[in-house]
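Engineer: no letters, just coordinates:
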């Protein structure tokens with residue numbers, strides 16, 4: 001049987017500024033995926049590193065009065081030192097100033113040049129120094145760079161060009177015939193939309209008269225390599241292209257993690273470079289959204305960058321890792337504020353998981369002196385006390401989500417099981433059973449099932465919160481003598497692994513609750529009014545009763561051409577199916593909406609939007625950004641009236 005392998009990479013981070021929360025997210029996302037694949041019995045390889053050439057590095061070095069090399073060394077070290085702080089377990093850290101990388105770049109440049117796909121020409125175009133690339137007019141927003149908000153400069157010079165246009169039809173066909181090549185789907189559509197226009201050839205050099213900090217072209221000493229052509233090659237140079245065993249073993253399995261602002265180099269330049277060089281195309285691209293801080297896109301230029309070191313120092317590492325994976329829907333943008341972070345910690349971690357862990361193990365000590373008691377399996381079946389089916393559902397849902405990098409759904413599957421266990425305690429009331437000697441067997445069964453459930457939870461949270469997973473397993477004394485610090489999915493799945501007589505340690509607090517109230521001197525000269533949201537005009541109960549709200553299930557969702565806001569939904573209302581046009585495309589990908597329960601305004605007059613009929617409206621909360629669909633705590637059949 002062919003061994004299962006997986007090669008994950010982050011983008012190599014540009015060293016023009018120190019690391020921020022966006023870098024932390026990508027690194028942790030790749031780490032979570034790598035840890036998960038190990039749980040699924042994969043042999044893995046995980047690469048990250050730094051990109052160190054180009055105009056911006058020279059400019060940043062000049063501002064600090066140092067050389068580009070000294071500057072790059074300093075900032076690269078910040079990225080390297082951050083990884084263990086994040087508990088990111090990468091196999092290799094590459095720098096584009098590494099001699100081995102430079103040699104591979106020259107080898108690939110020579111190969112493509114010798115095949116006739118690189119040519120010399122004069123060119124005049126608009127150039128953004130922040131992006132270090134030429135733009136086409138149609139890519140600008142109000143005449144400005146879409147990422148930096150400045151007008152590009154007109155540059156005329158002679159350079160070397162890579163004949164990308166030759167491969168445009170091939171790339172379109174490759175993307176269409178490999179539906180998982182770019183994930184999530186909206187980014188595949190974005191690349192295909194861009195490729196509808198003629199693809200311009202890529203300028204792959206910079207004259208040394210303008211820039212010397214780069215890799216010299218192997219076929220012209222007067223030019224250095226364009227930073228993107230240099231940087232992308234790291235993914236193959238790191239694992240020994242072309243002959244090393246690591247390259248042969250892992251390259252066919254490669255999936256790159258990138259943010260959406262660099263999808264074009266990774267989704268267009270890189271596959272065409274590989275094709276032209278005769279190298280097998282990578283397996284796929286996982287694209288995530290932006291972290292917005294204080295309501296705006298995080299940007300080094302506008303100063304709203306959040307330092308992951310400070311967040312971890314204040315709130316804890318596993319808390320930070322959980323928040324990032326749970327809060328962002330992979331592929332969409334997410335908002336970072338201190339309030340949202342603290343809410344997640346207090347609600348999900350301190351209250352749901354931490355309180356469950358403490359309650360269960362404390363009761364095991366109170367009623368059985370911390371030792372797993374003998375249980376009566378016959379009674380378990382008679383009273384239907386097992387949590388086994390709930391655990392199996394959690395494992396299956398977790399696996400299905402993590403296979404698609406839907407980290408938020410994977411975490412949600414675990415937390416549904418945690419919620420089930422908390423309700424199980426409230427339903428069976430161990431404290432009441434303990435007062436009745438005739439219920440001793442039932443009490444033993446209830447608590448043993450809960451400890452078994454905690455074992456499953458501890459195993460599943462490992463990719464996201466490895467330290468917490470290890471702490472939980474150690475406390476319940478599960479497999480302490482094993483060599484590795486995680487359970488495979490095959491090891492987690494069998495129910496009933498907590499054996500009679502196992503000694504349970506007394507629980508420690510996993511996640512202390514956080515109080516954001518801060519003492520600050522009051523300014524008595526300023527009087528503030530209490531916040532009161534602006535409400536619309538009051539209506540009577542009779543007027544409200546005219547609105548017919550119904551439960552529905554989304555059975556189909558798709559994008560609407562030429563609209564970046566609207567989605568076309570097919571909603572099952574029980575007795576009928578409705579088409580509803582909803583303005584939620586910026587917050588939900590179509591594939592994430594399937595089988596989602598929603599609330600529908602069922603008696604709204606039909607409307608026509610973008611040429612499509614809309615037969616109702618679904619309810620959501622939020623402002624212009626970060627809409628969240630309304631739903632219920634439990635699943636309800638479609639068509640039920642909301643009262």
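Structural biologist: Nice, I can see it. Quick caveat, the model's predicted, so the values are computed rather than measured.
Engineer: okay, now the unreliable bits of the stretch 301-450 of the chain?
Structural biologist: 301-305, 382 (pLDDT under 70).
Engineer: now do the strands in it.
Structural biologist: 334-336 (DSSP state E, counting those that start in this stretch).
Engineer: all helices for it, in order.
Structural biologist: 308-315, 317-327, 338-344, 355-368, 377-383, 388-402, 407-428, 430-433, 440-460 (DSSP state H, counting those that start in this stretch).
Engineer: the first one vs helix 317-327, what angle?
Structural biologist: Read it as helix 308-315. Here helix 308-315 points in a direction 110 degrees away from that of helix 317-327 (axes from the mean of the first three to the mean of the last three Cα atoms, to 10 degrees).
Engineer: can you give me the mean pLDDT across stretch 213-224?
Structural biologist: On average, the pLDDT along stretch 213-224 is 97.
Engineer: hmm, who's touching that stretch?
Structural biologist: Residues outside stretch 213-224 that contact it (Cβ atoms under 8 Å, 6 or more residues apart in numbering) are 53-54, 57-58, 68, 96, 102, 105-106, 109-110, 113, 159-160, 205-209, 211-212, 225-227, 230. Backbone N, C-alpha and C define where each C-beta goes, glycine included.
Engineer: number of residues surrounding residue 416?
Structural biologist: Using other Cβ atoms under 10 Å, residue 416 is surrounded by 15 other residues.
Engineer: and for the one 5 residues further on?
Structural biologist: Each residue near residue 421 was counted by other Cβ under 10 Å, and the total is 24.
Engineer: measure the closest residue to it other than its chain neighbours to residue 401 for me?
Structural biologist: Spatial nearest neighbour of residue 421, excluding adjacent residues (Cβ to Cβ, 6 or more residues apart in numbering): residue 453 at 4.9 Å. Using Cβ to Cβ, to the nearest Å, one obtains 19 Å as the distance from residue 453 to residue 401.
Engineer: who has more neighbours, those two?
Structural biologist: Each of residue 453 and residue 401 has its neighbours counted (other Cβ under 10 Å); residue 453 has more, 25 against 20.
Engineer: would you mind measuring from the more buried one to residue 417?
Structural biologist: 7 Å.
Engineer: between those two, which contacts overlap?
Structural biologist: Counting by Cβ under 8 Å, 6+ apart, the common neighbours of residue 453 and residue 417 are 390, 391.
Engineer: show me which of the contacts of stretch 213-224 are buried.
Structural biologist: Among those, those classed as buried by 16 or more other Cβ atoms under 10 Å are 53-54, 57-58, 68, 96, 102, 105-106, 109, 113, 159-160, 205-206, 208, 211, 225-227, 230.
Engineer: so which of these are in strands?
Structural biologist: Judged by DSSP state E, these include 159, 160, 205, 206, 225 as members of strands.
Engineer: distance to residue 136 for those - can I get that in a markdown table?
Structural biologist: Listed next are these as a markdown table, based on distance: Cβ to Cβ, whole Å:
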| residue | distance to residue 136 |
| --- | --- |
| 159 | 16 |
| 160 | 19 |
| 205 | 19 |
| 206 | 19 |
| 225 | 22 |
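Engineer: identify the farthest-apart pair in those.
Structural biologist: Pairwise distances across these peak at 11.0 Å for 159 and 225 (criterion: Cβ to Cβ).
Engineer: overlap in contacts of the two?
Structural biologist: Common contacts of residue 159 and residue 225 (Cβ under 8 Å, 6+ apart): 204, 205, 206.
Engineer: need those residues in JSON lines with distance to residue 463 and pLDDT, can you?
Structural biologist: Shown next, in JSON lines, are the shared contacts of residue 159 and residue 225 (distance: Cβ to Cβ, whole Å; pLDDT from 0 to 100):
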{"residue": "204", "distance to residue 463": "38", "pLDDT": "96"}
{"residue": "205", "distance to residue 463": "42", "pLDDT": "95"}
{"residue": "206", "distance to residue 463": "41", "pLDDT": "94"}
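Engineer: and of those residues, the nearest to residue 352?
Structural biologist: Taking Cβ to Cβ as the measure, residue 352 lies nearest residue 204 of the shared contacts of residue 159 and residue 225, at 52.2 Å.
Engineer: quick revisit: quick check: the gap between the residue nearest to residue 421 and residue 118.
Structural biologist: If you measure residue 453 against residue 118 using Cβ to Cβ, the figure is 60 Å.
Engineer: same question for residue 170.
Structural biologist: 18 Å.
Engineer: next: residue 285.
Structural biologist: Residue 285 is 24 Å from residue 118, where distance means Cβ to Cβ.
Engineer: same check, this time on residue 161
Structural biologist: Distance from residue 161 to residue 118, by Cβ to Cβ: 7 Å.
Engineer: overlap in contacts, the two.
Structural biologist: residue 204.
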